[in-house]
Structures are given as structure tokens and as C-alpha cells.
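>>> got a sequence here, can you model it:
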Amino acid sequence: LAILVFSSLIANSQNEMKSFRFYVSPSIHIGFFSPDEINEYIENATSSLSLTSGNKEMMINFNGSLGFGFRFFNLAELQTVTEYSIAPKSFLVSNGENMSFTFSKFTAGLMANIMIPLSTNERRTSAIIGGGILYHNMSFEEYQAAKVAPRIQAGLSLNNNKFNPQILISYDMAKADDNGFELDYSGVRIGVHLNF
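Numbering: from 1, shown residues only. As a prediction, this is how the structure comes out:
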């Protein structure tokens with residue numbers, strides 16, 4: 001399907017295509033997820049404590065990455081992914097030491113995007129539809145597990161010919177287990193790529 005769409009865009013846009021481009025792409029994202037077994041672990045670990053503040057469930061993670069992009073004619077691109085994600089959780093405890101937990105993930109892989117022009121002005125604005133296969137290495141407390149899984153994404157690419165921010169929403173399917181304990185980083189992410 002991707003090849004057919006790409007071929008069609010090339011056939012209809014011969015006069016407007018731009019040359020190959022290489023860029024460096026730092027990005028930041030915020031993610032929303034619900035790691036059930038980890039939340040149950042936290043609930044059990046804090047059940048006997050009197051907490052003065054804090055929600056016991058992990059729901060938000062933060063992601064930073066640095067990658068490289070290879071764009072062809074402002075119609076398609078490949079993006080490398082090297083990313084670190086962290087979901088910290090801290091509690092204030094009455095008459096005791098504060099507690100904290102961290103669920104982290106390292107991700108590496110390759111994404112492919114199709115860019116659908118939304119303007120005829122040198123293709124300055126495009127919709128993005130893409131996906132890829134990524135390696136995820138997740139850790140929480142004494143548990144660690146790895147998984148190769150897909151990511152899908154969609155968004156908007158602005159000012160394609162110069163400094164090029166991309167606003168993206170994506171979904172990760174990153175779930176693995178360590179001796180029966182499930183590490184689940186699956187969820188929705190919203191963020192921006194800053195392509196230079």
C-alpha cells in the first residue's frame with residue numbers, strides 16, 4: 001500500500017518535487033499509558049503507608065530522542081529512532097521516608113513515513129502517516145524485559161524545506177514480561193520532532 005501511494009504521488013507531482021534531504025531530528029513527547037501489573041505492584045508496596053500526597057497509579061511518561069532523517073522528494077522519509085522514556089512516581093509519606101518508583105524504556109529502530117501534501121506552495125505543509133518496527137528494553141525495580149514491536153504515527157509536517165517541526169501522535173505496542181511479571185509501555189504519545 002505504501003509503495004502504491006508513493007508511486008501515485010510521484011506520478012502526479014513531478015514538477016513540484018524537492019531533492020533528497022538529510023536532517024538531524026531531536027524530539028520530545030509525553031505519553032499516556034496504564035501498566036496494570038506495575039500499578040498493582042505500587043499499590044501493594046504502599047498499602048500499609050499513610051500517604052500525604054500523590055496518586056498511586058502511573059499514567060504519564062516522558063520521552064526524549066535523537067534520530068536522523070532521510071527524505072525523498074518531500075513525499076516519503078525514513079527516520080532512525082534512539083529514545084529514552086521515563087515514568088517517575090514519588091510519594092510523600094507521613095512519619096516516614098518518601099518513596100519513589102521509576103519505569104523506564106530504551107527504544108531503537110526505524111520508522112517510515114508517507115507525506116501527503118496539504119498545500120501547493122512548495123509542499124510546505126504535509127500530513128504524515130507512518131509506522132515502523134522498534135526494539136524496546138524496559139525496566140522497573142528488579143524486573144527487565146525486551147520486545148520488538150510496532151509503532152504507528154500520524155501528524156503534521158510544517159515548513160518542509162527549511163527548519164521543519166513535525167507534530168505527531170503515535171501509538172506504541174510495547175509489552176513484555178519478566179518471569180510472569182508484565183512490563184507494559186503500550187500507549188499513546190503526543191509530541192514534536194524538530195528537524196534541522
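>>> is it true that residue 41 touches residue 141?
Yes: Residue 41 sits in contact with residue 141 when judged by Cβ atoms under 8 Å, with a separation of 7.4 Å. Glycine gets a C-beta too; all of them are placed from N, C-alpha and C.
>>> who's more crowded, these two?
Higher neighbour count among residue 41 and residue 141: residue 41, with 18 against 13, using other Cβ atoms under 10 Å.
>>> check contacts around that one.
Taking Cβ atoms under 8 Å, 6 or more residues apart in numbering, we find residue 41 in contact with 140, 141, 181.
>>> tell me the phi and psi of it?
phi -60, psi -50 (degrees, to the nearest 10).
>>> before we move on, what about residue 77?
According to degrees, to the nearest 10, residue 77 has phi -150, psi 150.
>>> where does the protein have low pLDDT?
Within the chain, the ranges that satisfy pLDDT under 70 run 1-18, 51-54, 95-96, 121-123.
>>> which parts of the chain are strands?
Under the criterion DSSP state E, strands of the chain are mapped to 21-33, 51-53, 60-72, 76-93, 99-117, 125-140, 143-158, 164-172, 175-178, 181-184, 187-195.
>>> out of these, flag the one nearest residue 45.
strand 99-117 (7.4 Å; Cβ to Cβ).
>>> how deep is the closest residue to residue 88 other than its chain neighbours tucked in, by neighbour count?
Among residues not flanking residue 88 along the chain, residue 102 sits closest, at 5.3 Å (Cβ to Cβ, 6 or more residues apart in numbering). Residue 102: 13 surrounding residues under other Cβ under 10 Å.
>>> from residue 127, how far out is residue 102?
Counting by Cβ to Cβ, to the nearest Å, the separation of residue 102 from residue 127 is 36 Å.
>>> still on that earlier bit, take the strands of the chain and write them to JSON lines, including distance to residue 45.
Below are the strands of the chain laid out as JSON lines (distance: least, Cβ to Cβ, whole Å):
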{"stretch": "strand 21-33", "distance to residue 45": "19"}
{"stretch": "strand 51-53", "distance to residue 45": "11"}
{"stretch": "strand 60-72", "distance to residue 45": "19"}
{"stretch": "strand 76-93", "distance to residue 45": "10"}
{"stretch": "strand 99-117", "distance to residue 45": "7"}
{"stretch": "strand 125-140", "distance to residue 45": "12"}
{"stretch": "strand 143-158", "distance to residue 45": "13"}
{"stretch": "strand 164-172", "distance to residue 45": "26"}
{"stretch": "strand 175-178", "distance to residue 45": "17"}
{"stretch": "strand 181-184", "distance to residue 45": "13"}
{"stretch": "strand 187-195", "distance to residue 45": "22"}
